[in-house]
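Chemist: Predicted coordinates and the sequence they were generated for:
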Amino acid sequence: MEKGYYTLPLQLGKITEKKEHEKCSLRHSIAQKIHLITTTHFGECRFDPDFGCSIWETDFEILPNVNQWRDKMMASIKDTIAAHEPRLQNVKVTLSVNQEEFMISKGETLRRVKRRIELKLQATITQTNEPFEFSNLFYFSPISFD
């Protein structure tokens, strides 16, 4: 597949010095953009305060209803991807939320529990009408035990 898209992070120094910047395929470029959207907090990008993901607004909060929160996040992610990634259509988002336990070393008592969010996205690439899949894991909201 043709590599006509710049990789992230952009190395503007190379561009201004008229050096070749690394390029990637359409699929890789879309995956990079989705990763950037989902790891950015709303308001973090000055050029577009609506660029980002609402997951980070609830980091460290106690969730009274995980299923309701998950449904709200899936709708929010779908909306923000539809608004900021026009190269995709028919976007379907699923999230699974679990707790994961972390230990400092084998045999020790439990030290931390974090929420583990698995994002799966299915869509169609508008330009080629090919299926597109993306998945990512997020860990947040640490809870410590002493």
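Modeler: That came through fine. Every value quoted in this text rests on a predicted model; they were computed, and no experiment measured them. Numbers count the residues shown, from 1 in each chain.
Chemist: Give me the phi and psi angles of Leu137.
Modeler: Backbone geometry at Leu137, expressed as degrees, to the nearest 10, gives phi -110, psi 140.
Chemist: And Ile30, by the same measure?
Modeler: Torsion angles, degrees, to the nearest 10, at Ile30: phi -60, psi -40.
Chemist: Likewise for the one 10 residues further on?
Modeler: Taking degrees, to the nearest 10, you get phi -110, psi 130 for the backbone angles of Thr40.
Chemist: The residue lying closest to it once chain neighbours are set aside: what's it in contact with?
Modeler: Among residues not flanking Thr40 along the chain, Gly52 sits closest, at 4.0 Å (C-beta to C-beta, 6 or more residues apart in numbering). In short, each C-beta sits where N, CA and C put it, glycine included. Residues in contact with Gly52 (C-beta atoms under 8 Å, 6 or more residues apart in numbering) are Ile37, Thr40, His41, Phe42, Gly43, Glu44, Cys45, Thr80.
Chemist: secondary structure element for the first one?
Modeler: Which is Ile37. helix 26-38 (DSSP states H and E).
Chemist: part of a strand, is Thr94?
Modeler: Yes. Counting by DSSP: H, G, I helix; E, B strand; the rest coil, Thr94 is part of a strand.
Chemist: All good on my end, thank you.
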